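A.B. asks: Return a 3D structure for these sequence lines:
(2 chains)
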Number of protein chains: 2
Amino acid sequence: MRILILGGDGYLGWPTAMWFSQRGHDVHVVDNYLRRRAHAEAGTDSLTPILPDLRARVAAWSDVTGRTMGVTEGDLTDPAVAEDVIGGFSPDAIVHYGEMPSAPYSMKDRDHAVFTQTNNVVGTLNVLWAMRDLAPECHLVKLGTMGEYGTPDIDIEEGFLEIVHNGRSDYLPFPKVPGSMYHLSKVHDSHNIHFACRVWGLRATDLNQGVVYGIQTDETRLDDRLATRFDYDDVFGTALNRFCVQAIIGHPLTVYGKGGQTRGYLNIVDTLQCVELAVLNPADPGEFRVFNQFTEQFSVTELAELVRRAGAEHGLEVSIESIDNPRIELEEHYYNAKHTKLLDLGLQPHLLSETLVESMFGVIERFKDRVIADAILPRDRWRPVAQAPAG
Amino acid sequence: MRILILGGDGYLGWPTAMWFSQRGHDVHVVDNYLRRRAHAEAGTDSLTPILPDLRARVAAWSDVTGRTMGVTEGDLTDPAVAEDVIGGFSPDAIVHYGEMPSAPYSMKDRDHAVFTQTNNVVGTLNVLWAMRDLAPECHLVKLGTMGEYGTPDIDIEEGFLEIVHNGRSDYLPFPKVPGSMYHLSKVHDSHNIHFACRVWGLRATDLNQGVVYGIQTDETRLDDRLATRFDYDDVFGTALNRFCVQAIIGHPLTVYGKGGQTRGYLNIVDTLQCVELAVLNPADPGEFRVFNQFTEQFSVTELAELVRRAGAEHGLEVSIESIDNPRIELEEHYYNAKHTKLLDLGLQPHLLSETLVESMFGVIERFKDRVIADAILPRDRWRPVAQAPAG
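C.D. replies: Below is the predicted model of the structure:
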């Protein structure tokens, strides 16, 4: 298949591109290096050293595997970029990771909030209009987030639910109560994509992904030059990856508030499997399909305890420390999110284990000297400090 | 009270400004004349002649009533404008009409879609951040639209509903299935405002308004120079207002498709009442309150028949013609939308009658020579003509 990867330079985008290329698909990657620039501005960086740009990465990929990929360095908020890659490459599927992915980034201040929403919404609108006009049969596989749902007091279904009300019923989009300006941008995307499917007959799968952990995939292991980025800082790092880095550098694992925040998690290799399952089993024309993409639920405290146990096995003394929560979120809540649709398509989950965490420790130890320790603690707060704390 | 009217030059904004000013409130109006420019570009215009800008309108208002208002000519997508008016005027309430209001405009092409969403979402984000930092006690009264809900097969509640699911229940936002890029922008706004209330403790009322009809208010009647704009063209005109113009110029009333599309409607004088009720009974800090703002439901065919009957009373021979629907929407559907919250606050509805329609005929007849007849039929289609028609 002809597969276009938007955001192909990212933590997941680059491994996804290699995965499809390795399996014989024709892959074209697009990125504007937004994340690299944001790191440069913040004085942070990937733990793993990565090649300087997509051209260098693709050259290394060709060198190692004999396979190649097309590259476009461009910004999807420029409609000409979206039209050029979609019209020029004529993809069968578009895997769309090409957005600003950070909640803390989006909450820094007004300009970051406006940038995050504009960047994500306009980029995706440009993709939808280009599909409508240039590739109406193409299947959009869009990365959403489980954070779109928030933490409702009922079971979370996959995108839609049957609502029975006053003796009538309808199958409607699951209500969204997202927790940051970034998560809101993904909710806006979901509504826009749903509309494009209903009105223009486009086909799309929205992958509401949980928190991804892990460093290595079959392809990154082939050669150091094929490594994917690994973020552990306060802006782009996520809970488990950050805890593993803290464990290795002897820093307490920093749990925000009570640590009862429960979310869905998955291994990076399962992200690749899920995206492949979505691509190989496309939505029907006019269908807007939503999959909840994660394999297990954990509370933040459960994750921290698991990392502490794995650390002990590994000879590390790991402590856990609760810090003032920079976010406004429930720290104790009901959480039961359905995630059967990808299992039904054949997903074989790689569940989290102390062994997996120990293997992550191994990689992190190799690059331990690159850790910028003062970039780990949160610097951006959801509510101005002058205001009263959350009730 | 100190009341800031965003979009104060518009069909509803200007009458709202005069309404509050006449009742002794301190009013400041903001507009960037977006609608006037869009009309100039399209070669269309208001049926009623209106003064050239807000300064002239406020001067006429002072001349007639001895009252005055502050004026800012500026664009809310410029954060400095939002900060200047909110920080400088320190409003008790912000009535926010300041958005691109047209579904057909938003569906013209990609650029109009992107502009509509960016303009509306960014302007409102700038207002929210300015409120957070400069006026956290201020009450935002935001104009949304009943079109955010679409036409679900269950009763439409006011913004939220109790969902019972798998033996648990939660009170969650009502699912949204909007019908255009414009309606989507209002859904995005609603999610952003809800977040600002939850996380920053702002207070907001989202008025999900139905289709407004009518030309005159107590204030516009005081002097011809105080007239509000009246749009009947394919981009900014709405069903009943357009039918009245068609009746007067001897044009068939153009019903899109089967005409079973049912929506909520209200008289312009009830818009003023509703907005006043919301302003005088503010939401609590942290509360995001949604009112469905309309007084009666009608199908398009029912409206056309009413205008035909009123025309007969008025000595006009009015015919009704079904034309190919430019929109993608259900033409026959269940529709039962709740609208009790504003009644509970004291709304006294002015229901639609043939007498009201005849009084609109009178005003339209006065300006009959200004009608641009070839701007009435729809020119923008929701789906490219090359595509198959809606199933």
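
A.B. asks: So the residue of the stretch 251-391 of chain A found nearest chain B, which state does it fall into?
C.D. replies: For the stretch 251-391 of chain A and chain B, the shortest gap (Cβ to the nearest Cβ) falls at residue A:328, measuring 4.5 Å. (C-beta placed from N, C-alpha, C; glycine too.) Under DSSP: H, G, I helix; E, B strand; the rest coil, residue A:328 falls in the coil class.

A.B. asks: give me the number of residues near it?
C.D. replies: 19 (other Cβ atoms under 10 Å in any protein chain shown).

A.B. asks: Kindly report the same for residue A:267.
C.D. replies: That count, for residue A:267 with other Cβ under 10 Å as the rule, works out to 23.

A.B. asks: can you pull up the bridge partners for it?
C.D. replies: For residue A:267, the beta-bridge partners are residue A:213 (DSSP bridges).

A.B. asks: contacting residues for it?
C.D. replies: A:212-214, A:295, A:349-352, A:356 (Cβ atoms under 8 Å, 6 or more residues apart in numbering or on different chains).

A.B. asks: Now residue A:112: which helix or strand?
C.D. replies: Under DSSP states H and E, the secondary-structure element containing residue A:112 is helix A:110-134.

A.B. asks: Could you check how far that helix is from the centre of its chain?
C.D. replies: 17 Å (Cα atoms, centre = their mean, to the nearest Å).

A.B. asks: what's that helix packed up against?
C.D. replies: When contacts are defined as 3 or more Cβ pairs under 8 Å, 6 or more residues apart in numbering or on different chains; DSSP states H and E, helix A:110-134 packs onto helix A:79-89, strand A:93-96, helix A:103-106, strand A:139-145, helix A:181-200, helix B:79-89, helix B:110-134, helix B:181-200.

A.B. asks: These: which one's closest to residue A:11?
C.D. replies: Across these, residue A:11 has its closest neighbour in strand A:139-145 (11.2 Å, Cβ to Cβ).

A.B. asks: Output that closest one as PDB - backbone C-alpha positions only.
C.D. replies: Provided in PDB are the C-alpha atoms of strand A:139-145 (Å, rounded to 0.1, in the frame of the first residue of the first chain):
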ATOM      1  CA  HIS A 139      -8.300   6.200   4.500                       C
ATOM      2  CA  LEU A 140      -7.300   8.700   7.200                       C
ATOM      3  CA  VAL A 141      -5.900   7.000  10.300                       C
ATOM      4  CA  LYS A 142      -5.800   9.900  12.800                       C
ATOM      5  CA  LEU A 143      -4.000   9.800  16.200                       C
ATOM      6  CA  GLY A 144      -6.400  11.100  18.800                       C
ATOM      7  CA  THR A 145      -6.100  10.600  22.500                       C
END
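
A.B. asks: about what we covered before: which of the helices and strands packed on helix A:110-134 sits closest to residue B:71?
C.D. replies: Nearest of the helices and strands packed on helix A:110-134 (Cβ to Cβ): helix B:79-89, 10.2 Å.

A.B. asks: Tell me which other helices or strands the closest one touches.
C.D. replies: Against helix B:79-89 (3+ Cβ pairs under 8 Å, 6+ apart) you get helix A:110-134, strand B:2-6, strand B:26-31, strand B:70-73, helix B:110-134.

A.B. asks: could you redo those as TSV and give each row mean pLDDT, mean neighbour count and distance to residue A:269?
C.D. replies: Shown next, in TSV, are the helices and strands packed on helix B:79-89 (pLDDT from 0 to 100; neighbours: other Cβ atoms under 10 Å in any protein chain shown; distance: least, Cβ to Cβ, whole Å):
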stretch	mean pLDDT	mean neighbour count	distance to residue A:269
helix A:110-134	98	22	26
strand B:2-6	98	27	50
strand B:26-31	98	26	53
strand B:70-73	98	18	55
helix B:110-134	98	22	36
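
A.B. asks: could you redo the ones you listed as TSV and give each row distance to residue B:38?
C.D. replies: Listed next are those as TSV, based on distance: least, Cβ to Cβ, whole Å:
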stretch	distance to residue B:38
helix A:110-134	19
strand B:2-6	17
strand B:26-31	13
strand B:70-73	16
helix B:110-134	9
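
A.B. asks: Between those, which one is closest to residue B:143.
C.D. replies: Short answer: strand B:2-6, nearest of the helices and strands packed on helix B:79-89 by Cβ to Cβ, at 9.3 Å.

A.B. asks: ok, the closest one: who's next to it in the sheet?
C.D. replies: Strand B:2-6 has the following sheet partners, assigned by DSSP bridges: strand B:26-31 (parallel), strand B:93-96 (parallel).

A.B. asks: got the contact list for the last one?
C.D. replies: Applying Cβ under 8 Å, 6+ apart, the external contacts of strand B:93-96 come out as B:1-7, B:13, B:16, B:86, B:124, B:127, B:131, B:138-143, B:275, B:279, B:282.

A.B. asks: Tell me where the stretch 151-300 of chain A has strands.
C.D. replies: Secondary structure of the stretch 151-300 of chain A by DSSP state E, counting those that start in this stretch: the strands cover A:160-165, A:168-173, A:203-209, A:211-213, A:253-256, A:262-267, A:288-293, A:296-299.
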